[in-house]
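Colleague: Mind looking at a prediction? Sequence and model below.
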Amino acid sequence: MAKIKTVFTCQDCGYQTAKWLGKCPDCNQWNSFSEEDSIKPLSSKGSPKSIAGRESKPKTISQVEVEKVERYQTSIGEFDRVMGGGVTIGSLTLIGGEPGIGKSTIVMEVCGKLLSNYKNEKILYVSGEESESQVAQRSKRLGVNNENFYIYNETCWQNVLAQVKELKPKFLVLDSIQTTHSNQVDSAAGTLTQIREVTYELMNYAKSYDLTCFIIGHVTKEGQIAGPKVLEHMVDTVIYFEGDQLGQYRMLRVMKNRFGNTNEVGIFEMQEKGLVEIKNPSQYFLEQSLDGSFGRSLTCILEGTRSLFVEIQALVVENKFAQGRRTTQGLDSNRVALLVAVIDKYLGIPLSYNDIYVNVVGGIKLTTRENDLSVIASLLSSYHGTAVPSDTIFLGEVGLTGEVRSVPMMEIRLKEIAQMNYRRVVTSKRAAADFKGKYKVELVGIEKASELNNLLFK
């Protein structure tokens, strides 16, 4: 006989309490508690099973056999690189993104490529949000019309598991995890308990029978995947699909990958027939730049193992009436304010009295600091009304004392810069001395940010 007890569970961290609380004492989130029925047995007999459902004992490192990771190739170069070289057999991949960004589209295209490359394998696409007719219509539009592609409209996990056991597919797509519920848990679909239970059952089955799973997840208004953080801990790979819904470009960014490098990014273009990979993303970020225009400069960033050339634009406008305005897109506004203060202090230019607008072309977001010199160069170019040479790359971090510091992974960047036929790199004095003469590019080393003004505009 089971005892039914009502508890309040935090939907962010899973903290449970007997009464409702406005603020979670564990994760400090407000209004995150929901009431759930918790069924606990009066007595517990037997030990929990392992993930594989079999008995296991501790082993020494010499007794453990290292298994070779086998992968499926999708023939989508951007997707395979983000996944670490292909889709790993028996892995769980969580794909999150805003509504309408193209999560179902990219998964459908991956399914089509897998069916083309591995004709004897089966794929079960479980949709809890769209009807079978809607999914079939989209799959035909994307060119996925294979007899081994099965569509199933269901939200109950027990029914999904029964079909998986009957069809025995090699790939399973769950769209989405927030709409799937287990009838063994007395709570609404999408709650912490339901997501945790369904994901755990799916993980147990997938690891035991080498079922490769793609899980589509919703995101909150903050951009994080909705549901408990334990969901991201349980899966093998976490991918975010980003981009402007009004634009045609999308970015596939990996945040966690047990079988490959993290912080990789793949870039796609949304067209009428689906997503098309962009093999030269630097051209996408720079293709529409105007020659001779001022207020722009180039920098080289690293996204995982890939070097990308990004254009940073700045606009400095005289403000005669109120406090100077700061507007940024793709950059931290606090970082831009810090660099403006450095210009004011060490270059003697009263930039803080002006309205300042800074933009990263292409919608990419820069979180590292190797672009500090490029931001300052763009601001100075707009202030003086003089263009920066388009064959110059700026690489360097700027400190509060005005010094220019080196950036990591300099060799990878310089190799790519030389291949793209850029002529000059403005960087720190130390980096210029370390790599002088190694690449067919002129290295200009500066010790202070104040030297940048004399170098470009005097």
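Modeller: Structure received. Residues are numbered from 1 along each chain as shown.
Colleague: if I've got this straight, residue 196 is in a helix?
Modeller: Yes. With DSSP: H, G, I helix; E, B strand; the rest coil as the criterion, residue 196 is part of a helix.
Colleague: I figured it hits residue 231, correct?
Modeller: Yes. At 7.2 Å, residue 196 and residue 231 qualify as touching, with contact defined as CB atoms under 8 Å. The C-beta positions use only the backbone N, C-alpha and C, and glycine is treated the same way.
Colleague: Compare those two and say which is more crowded by neighbours.
Modeller: residue 231 (23 against 19; other CB atoms under 10 Å).
Colleague: list the contacts for that one?
Modeller: 94, 177, 195-196, 199, 217, 225 (CB atoms under 8 Å, 6 or more residues apart in numbering).
Colleague: Residue 277: how many residues sit nearby?
Modeller: Residues within reach of residue 277, counting by other CB under 10 Å, total 17.
Colleague: Same question for residue 362.
Modeller: By other CB under 10 Å, neighbour count at residue 362 equals 21.
Colleague: element containing the spatially most central residue of the chain, please.
Modeller: For the chain, the residue nearest the mean C-alpha position is residue 253 (2.9 Å; CA atoms, centre = their mean). In the assignment (DSSP states H and E), residue 253 maps to strand 249-257.
Colleague: chain center to that strand, what's the gap?
Modeller: 3 Å (CA atoms, centre = their mean, to the nearest Å).
Colleague: Could you list the alpha-carbon positions for that strand in PDB?
Modeller: Extracted C-alpha coordinates of strand 249-257, given in PDB (Å, rounded to 0.1, in the frame of the first residue of the first chain):
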ATOM      1  CA  TYR A 249      21.200  32.500 -40.800                       C
ATOM      2  CA  ARG A 250      21.200  29.900 -37.900                       C
ATOM      3  CA  MET A 251      24.000  28.800 -35.600                       C
ATOM      4  CA  LEU A 252      24.300  25.400 -34.100                       C
ATOM      5  CA  ARG A 253      26.300  25.700 -30.900                       C
ATOM      6  CA  VAL A 254      27.300  22.700 -28.700                       C
ATOM      7  CA  MET A 255      27.500  23.400 -25.000                       C
ATOM      8  CA  LYS A 256      28.300  19.800 -23.800                       C
ATOM      9  CA  ASN A 257      29.700  16.900 -25.700                       C
END
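Colleague: Show me how the protein divides into domains.
Modeller: According to automatic domain parsing, the chain is divided into the following domains: 2-41, 71-279, 284-457.
Colleague: shaky segments in the stretch 201-350 of the chain?
Modeller: Where the stretch 201-350 of the chain drops to pLDDT under 70, the residues are 221-223, 226-228, 244-247, 263, 281-291.
Colleague: can we see that at 90?
Modeller: Counting by pLDDT under 90, the stretch 201-350 of the chain has low-confidence residues at 207-208, 217-234, 240-255, 259-293, 301-310, 318-326, 330, 348, 350.
Colleague: Show the residue spans covered by the strands in it.
Modeller: In the stretch 201-350 of the chain, the strands defined using DSSP state E, counting those that start in this stretch lie at 212-217, 237-243, 249-257, 265-271, 274-277, 296-303, 306-317, 326-329.
Colleague: Let's have those in TSV, adding distance to residue 392.
Modeller: Output for the strands of the stretch 201-350 of the chain, formatted as TSV (distance: least, CB to CB, whole Å):
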stretch	distance to residue 392
strand 212-217	42
strand 237-243	29
strand 249-257	26
strand 265-271	24
strand 274-277	30
strand 296-303	7
strand 306-317	12
strand 326-329	23
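Colleague: Which of those sits closest to residue 343?
Modeller: Closest of the strands of the stretch 201-350 of the chain to residue 343 is strand 306-317, at 10.1 Å (criterion: CB to CB).
Colleague: Parallel or antiparallel, list what pairs with that closest one.
Modeller: Strand pairing for strand 306-317, using DSSP bridges, gives strand 296-303 (antiparallel), strand 355-360 (antiparallel).
Colleague: how big is the angle separating it from strand 265-271?
Modeller: 70 degrees (axes from the mean of the first three to the mean of the last three CA atoms, to 10 degrees).
Colleague: how deep is the residue lying closest to residue 170 once chain neighbours are set aside tucked in, by neighbour count?
Modeller: With CB to CB, 6 or more residues apart in numbering as the criterion, residue 170 has its nearest non-adjacent residue at 4.1 Å, and that residue is residue 121. By the criterion of other CB under 10 Å, residue 121 has 15 neighbours.
Colleague: per-residue pLDDT, residue 121?
Modeller: Model confidence at residue 121, given as pLDDT, is 91.
Colleague: how much space between it and residue 414?
Modeller: 44 Å (CB to CB, to the nearest Å).
Colleague: contacting residues around the residue nearest to residue 170?
Modeller: Residues near residue 121 by CB under 8 Å, 6+ apart: 114-115, 148, 169-171.
Colleague: from those residues, which is closest to residue 264?
Modeller: Using CB to CB, residue 114 comes nearest to residue 264 of the contacts of residue 121, at 19.8 Å.
Colleague: closest to residue 383 out of the strands of the stretch 201-350 of the chain?
Modeller: Ranking those by proximity to residue 383 (CB to CB) places strand 306-317 first, at 4.7 Å.
Colleague: Flag every buried residue along that closest one.
Modeller: For strand 306-317, the neighbour count (16 or more other CB atoms under 10 Å) marks 306-316 as buried.
Colleague: In JSON lines: those, plus distance to residue 157.
Modeller: Output for those, formatted as JSON lines (distance: CB to CB, whole Å):
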{"residue": "306", "distance to residue 157": "38"}
{"residue": "307", "distance to residue 157": "43"}
{"residue": "308", "distance to residue 157": "41"}
{"residue": "309", "distance to residue 157": "46"}
{"residue": "310", "distance to residue 157": "43"}
{"residue": "311", "distance to residue 157": "47"}
{"residue": "312", "distance to residue 157": "48"}
{"residue": "313", "distance to residue 157": "49"}
{"residue": "314", "distance to residue 157": "52"}
{"residue": "315", "distance to residue 157": "53"}
{"residue": "316", "distance to residue 157": "57"}
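Colleague: Just the buried residues of stretch 157-177, please?
Modeller: By 16+ other CB under 10 Å, the buried positions in stretch 157-177 come out as 157, 160, 163-164, 169-177.
Colleague: Kindly report the same for stretch 114-133.
Modeller: Within stretch 114-133, the residues that count as buried by 16+ other CB under 10 Å are 114-115, 122-128, 130.
Colleague: In strands, which of those fall?
Modeller: 123-127 (DSSP state E).
Colleague: still on that earlier bit, quick one: which of the contacts of residue 121 sit in helices?
Modeller: 114-115 (DSSP state H).
Colleague: which one among the contacts of residue 121 gets closest to residue 370?
Modeller: Nearest member of the contacts of residue 121 to residue 370, counting by CB to CB, is residue 114, at 37.2 Å.
Colleague: separation between the residue nearest to residue 170 and residue 21?
Modeller: For residue 121, the distance to residue 21 - CB to CB - is 49 Å.
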